[in-house]
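>>> With the sequence up front, the predicted model follows.
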Amino acid sequence: MPASDDQGRDDDFHREEPMNTSDQEPVNTGDSEATNGKVLPFTLRPDSASTPEEIPVQERRDVLDAEEVRHPVLVDLPVARKPSWWESTREAKIRPLLPEWARSRRELTDRVRWLALYAGHTTAYHALRAPQYAGILLVRSPRGLWRVLVATHRWIYDAEGKPLRAAAVTASEYDKYVKLAEVRAERIRKRGLVAFLTLLVAAAGVYLLVSYSDALAWLVAAVAVGLLGKVGTPADKPVLGRAVVTSKAPKLTSEVVVRALAALGISGINQAVAKGPGITFPAPITRDGPGWRAEVDLPHGVTVTDVMERRDKLASGLRRPLGCVWPEPVSEEHAGRLVIWVGDQDMARAKPATWPLAKSGEADLFQSVPFGTDQRGRPVGVDLMFANMVIGAMPRMGKTFSLRVLVLAAALDPWVELVLWELKGTGDLGMFERVAHEYGSGADDDTLEGAMNSLRRLYKELERRSKTITRIAKENRALCPENKVTPQLSRNRKLGLHPIFAAIDECQELFSHEDYKDEAKKLAEGIIKRGPAMGIILVLATQRPDAQSLPPGVSANAGLRFCLRVMGQVENDMVLGTSSYKNGIRATTFGAKDKGIGYLVGATDDPQIVRSYYIDGPAAEKIVERACALRGRHGTITGHAAGESLVDESARPSYSLIADVASVIRADEAKIWSETVVDRLAELRPEVYGSWTELDGRAKANQLAAGLKPFGIETVQVYGRTEDGKAANRRGVERAEILSAARSLNRD
Ligand SMILES: Nc1ncnc2c1ncn2[C@@H]1O[C@H](COP(=O)(O)OP(=O)(O)OP(=O)(O)O)[C@@H](O)[C@H]1O
């Protein structure tokens with residue numbers, strides 16, 4: 001860099017002034033050799049006394065372009081201003097008066113119950129062993145008596161002074177020895193008297209008690225034997241056994257945490273640790289539930305995600321099993337604030353908590369329903385109303401079990417209509433037949449058609465409900481302030497706005513079915529988008545969370561997501577939402593034994609790790625029995641549960657697809673494209689075929705093909721011309737075939 005023209009005009013200007021040391025900014029010509037590549041403090045050109053703002057912009061740019069003068073912008077305040085007491089205190093975080101467990105009624109009851117159980121068990125354990133303890137004490141009492149006698153003798157005869165006297169003899173210190181002997185004689189006299197009097201009082205007391213009653217005599221003897229037995233007990237062989245054996249997890253210390261973080265291979269952490277205290281702890285490491293909680297401020301530039309994605313390495317660094325180590329972000333703080341919770345026990349091995357509604361109680365879907373517990377064993381609930389849910393996992397990881405918890409909760413709300421389809425055919429939801437309005441289990445075409453019919457009904461129901469809600473909102477705004485179903489409206493049977501809980505297990509059977517996939521996707525998307533406000537909750541569970549099994553339009557609109565173990569990033573993001581994997585929310589880190597454990601997104605601001613409540617088949621049956629009785633009382637056992645046929649004969653449509661297709665094909669059309677037929681059908685009967693028109697050309701053809709299949713009609717390739725005259729070859733039907741099928745149906 002060339003030297004400045006101004007160099008030498010005023011030598012003072014060449015001094016590197018420390019920044020902000022005077023009111024008037026120092027001036028520097030910016031000689032490159034002098035600065036040696038260093039960024040200089042804020043400087044002004046020497047040829048004027050003007051401030052930077054007064055220098056013409058172009059001129060300043062030229063100077064910068066030529067790199068003759070550096071102009072670092074002053075960004076820091078000259079003096080760091082300390083916030084006032086008022087400012088800092090007002091912004092301060094208020095710490096709760098009581099610890100979290102004391103504020104939660106459920107947790108408090110849990111603890112009290114546990115304490116009572118613990119006390120009861122310990123008492124019973126020792127009471128049962130009382131004879132054994134008595135025997136041990138009796139056997140050890142002679143040794144205890146001997147120890148008491150020896151100790152008393154040593155005390156009276158001043159045994160503690162013996163080494164001093166011996167030392168005086170060895171050193172031939174006559175005076176000293178005489179003094180010590182006098183002290184000893186004095187002590188023996190006094191202590192002998194105290195011992196004699198004590199013995200006398202004790203003997204008199206014992207004599208009085210013994211002569212008062214035999215029971216007292218026995219009691220005195222027992223106490224004496226007990227005390228002597230205790231004295232005669234060796235230190236390493238206690239009389240009482242342990243009623244409860246606790247396995248103590250190692251204590252978590254800041255040293256252990258820093259060592260583990262430094263072993264993650266994150267360069268930002270390593271550099272900071274090498275330089276000094278790069279990792280800080282904004283709060284002390286404390287016990288939190290059944291584990292330790294450390295709050296950590298990571299070095300600048302390191303994020304919690306960096307640590308979360310190395311959870312296995314962190315566990316290795318902490319020397320704990322993977323299922324014990326749970327790093328998580330603190331969303332209300334900065335991206336580098338990390339909380340590491342280290343459980344005493346592997347989450348998968350911990351005893352599953354009991355579902356709070358297992359024995360008694362009703363649920364209300366307008367409130368949170370208990371779904372599972374987090375790593376600390378705290379209950380986690382989900383607000384199902386106004387939400388939809390997607391559950392995804394690899395096979396056998398607990399998908400159906402977790403869905404079952406939600407269905408049980410819905411069953412225990414007597415106002416909720418249950419629509420349940422289990423498309424695997426194993427009858428995992430079979431116990432709900434007694435309470436479900438619609439139910440089906442199987443992977444066959446009839447069951448799939450039944451599930452499709454349910455979706456079609458719910459889709460239509462959206463329309464009816466939206467009209468009802470609009471009308472109510474117009475008539476009485478207070479009844480429906482937010483244009484959605486309220487608890488009050490849902491209880492009014494005349495309005496038909498009760499919550500509908502629809503669950504489809506193994507939904508991939510529909511979304512990947514050649515004939516149904518397009519329609520199923522459209523219907524599910526519509527329900528998932530518009531259903532929540534109308535009181536319709538759709539829960540979809542799948543063991544194959546990919547784009548074919550769970551259309552992105554469906555998964556993207558689900559408010560609640562629960563992802564148990566999956567194999568890869570795609571499945572993870574499919575269930576938990578885009579970029580979840582990148583943000584460290586990785587259900588891929590769960591192991592094969594982490595059954596029922598998954599990431600729950602949408603229930604709170606931050607994703608949570610939750611283990612769904614474990615309710616096995618027989619327990620679920622019992623709960624459904626209760627739900628059935630409850631619904632019986634409210635008169636809400638309807639549809640399938642009430643023995644009504646799923647296909648209501650009276651409501652069987654008076655039209656038929658084949659007749660409708662026959663009626664929309666003109667006599668001069670020997671062959672016709674399926675999509676043209678669908679458009680004409682929609683005009684003919686919009687309430688039935690209206691939704692088909694929203695499909696694209698190919699999907700319309702698939703839809704018609706699926707509809708005509710039961711009549712034995714297959715679609716064929718039809719050559720024709722589009723509206724703008726272009727030739728095209730598309731799927732279509734032959735008029736003759738349709739007419740013959742329609743005729744034979746009429747004859748039947
Ligand atoms: N919360 C839980 N706690 C402990 N074990 C569980 C939990 N949930 C499920 N399991 C265990 O996992 C096993 C598989 O559960 P489930 O049948 O729900 O799996 P799935 O994912 O539905 O399987 P598939 O895909 O084959 O239908 C169950 O037999 C059960 O023992």
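Looks like it arrived, so ask away.
>>> ok, the closest residue to the ligand within the stretch 601-748 of the chain to residue 384 distance?
The ligand sits closest to residue 614 of the stretch 601-748 of the chain, with a gap of 3.8 Å, by CB to the nearest ligand atom. Glycine gets a C-beta too; all of them are placed from N, C-alpha and C. Residue 614 sits at a distance of 20 Å from residue 384 (criterion: CB to CB, to the nearest Å).
>>> is it true that residue 602 touches residue 557?
No - taking contacts as CB atoms under 8 Å, residue 602 lies outside contact range of residue 557: 11.4 Å.
>>> now the residue of the stretch 601-748 of the chain closest to the ligand, nearest residue through space, not along the chain?
Excluding its sequence neighbours, the residue lying closest to residue 614 (CB to CB, 6 or more residues apart in numbering) is residue 352, at 4.0 Å.
>>> That neighbour - how many residues pack around it?
Residues lying near residue 352 (other CB atoms under 10 Å) number 15.
>>> Which helix or strand contains it?
Using DSSP states H and E, residue 352 maps to neither a helix nor a strand.
>>> tell me the contacts of it?
Residue 352 is in contact with 596, 611, 613, 614, counting by CB atoms under 8 Å, 6 or more residues apart in numbering.
>>> pLDDT wise, what is it at?
On pLDDT, residue 352 comes in at 84.
>>> Of all the residues in the protein, which one is nearest the ligand?
Across the chain, no residue is closer to the ligand than residue 596, which sits at 2.2 Å (CB to the nearest ligand atom).
>>> Relative to residue 345, how far out is that residue?
Computed with CB to CB, the distance linking residue 596 and residue 345 is 15 Å.
>>> Between the two, which is the more surrounded one?
Ranked by neighbour count (other CB under 10 Å), residue 596 and residue 345 place residue 596 first, with 22 against 17.
>>> tell me the phi and psi of the more buried one?
phi 80, psi 0 (degrees, to the nearest 10).
>>> ok, for it, nearest residue in space, not its chain neighbours?
That would be residue 398: by CB to CB, 6+ apart, it lies 3.7 Å from residue 596.
>>> Please apply the same query to residue 313.
What sits nearest to residue 313 in space, not counting adjacent residues and going by CB to CB, 6+ apart, is residue 264, at 5.2 Å.
>>> Report how many residues lie close to residue 388.
25.
>>> same check, this time on residue 299
Residues lying near residue 299 (other CB under 10 Å) number 20.
>>> so it sits right up against residue 271, yeah?
Yes - counting by CB under 8 Å, residue 299 touches residue 271, with 7.4 Å between them.
>>> Which neighbours do the two have in common?
Both residue 299 and residue 271 are in contact with residue 278, where contact means CB under 8 Å, 6+ apart.
>>> quick one: average pLDDT of the stretch of helix or strand residue 418 belongs to?
Element membership for residue 418, per DSSP H and E: strand 417-422. For strand 417-422, mean pLDDT is 95.
>>> ok, then the element right after it?
strand 438-441.
>>> for that next one, the distance to its chain's centre please.
Distance of strand 438-441 from the chain centroid (CA atoms, centre = their mean, to the nearest Å) equals 30 Å.
>>> now do stretch 704-718
48 Å.
>>> CA atoms only for it - export them in PDB, please.
In PDB, the C-alpha atoms belonging to stretch 704-718 read as follows (Å, rounded to 0.1, in the frame of the first residue of the first chain):
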ATOM      1  CA  LEU A 704     -63.300 -43.500 -12.200                       C
ATOM      2  CA  ALA A 705     -61.400 -46.700 -12.800                       C
ATOM      3  CA  ALA A 706     -61.700 -47.500  -9.000                       C
ATOM      4  CA  GLY A 707     -65.400 -46.800  -9.100                       C
ATOM      5  CA  LEU A 708     -66.100 -48.900 -12.100                       C
ATOM      6  CA  LYS A 709     -63.900 -51.900 -11.000                       C
ATOM      7  CA  PRO A 710     -66.700 -53.500  -8.900                       C
ATOM      8  CA  PHE A 711     -68.900 -53.600 -12.000                       C
ATOM      9  CA  GLY A 712     -66.200 -55.500 -13.900                       C
ATOM     10  CA  ILE A 713     -65.300 -52.600 -16.100                       C
ATOM     11  CA  GLU A 714     -61.700 -51.800 -17.000                       C
ATOM     12  CA  THR A 715     -60.600 -48.500 -18.500                       C
ATOM     13  CA  VAL A 716     -58.900 -48.500 -21.900                       C
ATOM     14  CA  GLN A 717     -56.600 -46.200 -23.900                       C
ATOM     15  CA  VAL A 718     -58.700 -43.800 -25.900                       C
END
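>>> for the ligand, what are the nearby residues on the stretch 551-700 of the chain?
Selection of the stretch 551-700 of the chain residues close to the ligand by CB under 6 Å from any ligand atom yields 595, 596, 611, 612, 614.
>>> run the last query once more with 5 Å
Within reach of the ligand by CB under 5 Å from any ligand atom, the stretch 551-700 of the chain has these residues: 595, 596, 612, 614.
>>> Which of the residues you listed fall in strands?
Counted as lying in strands by DSSP state E, out of those, are residue 612.
>>> Give me the contact list for stretch 98-106.
Counting by CB under 8 Å, 6+ apart, 96, 107, 108, 111, 289, 356, 378, 379 sit against stretch 98-106.
>>> Can you dump the C-alpha atoms of it in PDB for me?
What follows is stretch 98-106, C-alpha atoms only, in PDB (Å, rounded to 0.1, in the frame of the first residue of the first chain):
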ATOM      1  CA  LEU A  98     -42.000 -23.600  45.400                       C
ATOM      2  CA  PRO A  99     -40.100 -26.200  43.400                       C
ATOM      3  CA  GLU A 100     -41.900 -27.600  40.400                       C
ATOM      4  CA  TRP A 101     -42.900 -30.900  42.000                       C
ATOM      5  CA  ALA A 102     -44.700 -29.000  44.900                       C
ATOM      6  CA  ARG A 103     -46.700 -27.000  42.400                       C
ATOM      7  CA  SER A 104     -48.000 -29.900  40.500                       C
ATOM      8  CA  ARG A 105     -50.900 -31.600  42.300                       C
ATOM      9  CA  ARG A 106     -50.300 -34.800  40.500                       C
END
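>>> so what pLDDT did residue 409 get?
In this model, residue 409 carries a pLDDT of 96.
>>> Show me the shaky parts of the stretch 601-748 of the chain.
644-654, 745-748 (pLDDT under 70).
>>> mind listing the helices for it?
Here the stretch 601-748 of the chain has its helices, by DSSP state H, counting those that start in this stretch, at 617-634, 657-664, 674-684, 686-689, 697-708, 735-747.
>>> now for the third one, which elements pack on it?
If you count contacts as 3 or more CB pairs under 8 Å, 6 or more residues apart in numbering; DSSP states H and E, helix 674-684 packs onto helix 657-664, helix 686-689, helix 697-708, strand 727-734.
>>> Can you redo the ones you listed as JSON lines, where the extra columns are mean neighbour count and distance to residue 503?
Output for the helices and strands packed on helix 674-684, formatted as JSON lines (neighbours: other CB atoms under 10 Å; distance: least, CB to CB, whole Å):
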{"stretch": "helix 657-664", "mean neighbour count": "19", "distance to residue 503": "29"}
{"stretch": "helix 686-689", "mean neighbour count": "15", "distance to residue 503": "26"}
{"stretch": "helix 697-708", "mean neighbour count": "20", "distance to residue 503": "24"}
{"stretch": "strand 727-734", "mean neighbour count": "16", "distance to residue 503": "34"}
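>>> and these as CSV, adding distance to residue 404?
Putting those into CSV (distance: least, CB to CB, whole Å) gives the following:
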stretch, distance to residue 404
helix 657-664, 37
helix 686-689, 35
helix 697-708, 31
strand 727-734, 41
